[in-house]
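Asker: Structure, please.
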Amino acid sequence: MIHGILLAGGRSSRMGTDKALLPVEGKPLIRHICENMLTLCENVTVVVSSLQEYRYAEALAAGPHSRIRFAEDMFPGKGPLAGIHAGLSAMPDEGYGFVMACDMPYLSPALFRTMAGRLDGQADAVLCAGQPFHAFYHKRATRAAEAFLMQEKLRLQAFYEALHAVYVTPDDSGCFENLNTPAEYEAYARKQRGGRSN
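Answerer: Okay, the predicted model is just below:
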């Protein structure tokens, strides 16, 4: 069973508004991503800061909410590594979590399946070089994440390079696109109007 983990606890400072609530294909981006993840994952845990759950619960209310739950950062303000830690901690059993960020509008089913084919229980992570998201992490990586957070070592690259990781060559690098700024969001919206579909 694959659990989805969506990191949505950021401040969206460069966008100037909450990225997770930007409209994408007629729905909030967070719902768009969750629905895509649920085509491949058993459920999705959305990792949030303490005040975000209520906003996002409303945004997700029209979707498949029975398979979506929330988890709060246990290390507030410590960035995406804290989100990975919270998401893995919230998994109900051992196994792998598939981690996305809430500003990644594309999910590649083909790459997901290629990566899932490398989940042998031995690897702590399965990912593409230089890409900490659209990636799989085993629940036991929670311990390493906590150790890094306790030492204030917050760089994701240092974290995943300390794991026993398997690297996969992506067949579609478009799935690593981020919507961090208004210009990036506008470029994405133009592509959508031009007919690209997920």
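Asker: Tell me what residue 7 is bridged to.
Answerer: Beta bridges link residue 7 to residue 47, residue 101 when assigned by DSSP bridges.
Asker: so how many other residues sit close to it?
Answerer: Other residues near residue 7 come to 26 when the count uses other CB atoms under 10 Å. For every residue, glycine as well, the C-beta is placed using N, CA and C.
Asker: What's the separation between it and residue 175?
Answerer: As judged by CB to CB, to the nearest Å, residue 7 and residue 175 stand 15 Å apart.
Asker: what do you get for residue 106?
Answerer: According to CB to CB, residue 106 stands 5 Å off from residue 175.
Asker: could you point out which element follows the lowest-mean-pLDDT helix or strand in the chain?
Answerer: Ranked by mean pLDDT, DSSP states H and E, the weakest helix or strand in the chain is helix 53-60, scoring a mean of 75. Downstream of helix 53-60, the first helix or strand assigned by DSSP states H and E is strand 68-72.
Asker: just the angle between that following strand and helix 53-60, please?
Answerer: 160 degrees (axes from the mean of the first three to the mean of the last three CA atoms, to 10 degrees).
Asker: What's the local residue count around residue 154?
Answerer: 16.
Asker: That one touches residue 77, doesn't it?
Answerer: No - contact criterion CB atoms under 8 Å: residue 154 and residue 77 do not qualify, at 9.9 Å.
Asker: Give me the pLDDT for residue 185.
Answerer: pLDDT for residue 185: 88.
Asker: Direction included, what does the longest strand out of those in the chain pair against?
Answerer: Ranked by residue count, the top strand of the chain under DSSP state E comes out as strand 131-138. The pairing partners recorded for strand 131-138 under DSSP bridges are strand 96-101 (antiparallel), strand 125-128 (antiparallel).
Asker: bridging residues for the closest residue in space to residue 127 that isn't next to it in sequence?
Answerer: Nearest non-adjacent residue to residue 127, counting by CB to CB, 6 or more residues apart in numbering: residue 135, 3.5 Å away. On the basis of DSSP bridges, residue 135 takes part in beta bridges with residue 99.
Asker: Going by residue numbers, what spans are strands in this structure?
Answerer: Under DSSP E, the chain gives strands at 3-7, 23-24, 27-28, 43-48, 68-72, 96-101, 125-128, 131-138, 165-167.
Asker: Name all residues that make contact with the residue positioned nearest the centre of the chain.
Answerer: In the chain, the centroid-proximal residue (CA atoms, centre = their mean) is residue 100; its distance is 1.7 Å. Counting by CB atoms under 8 Å, 6 or more residues apart in numbering, residue 100 touches 4-7, 33, 37, 107, 133-134.
Asker: do residue 141 as well
Answerer: Residue 141 touches 84, 88, 124-125, 163, counting by CB under 8 Å, 6+ apart.
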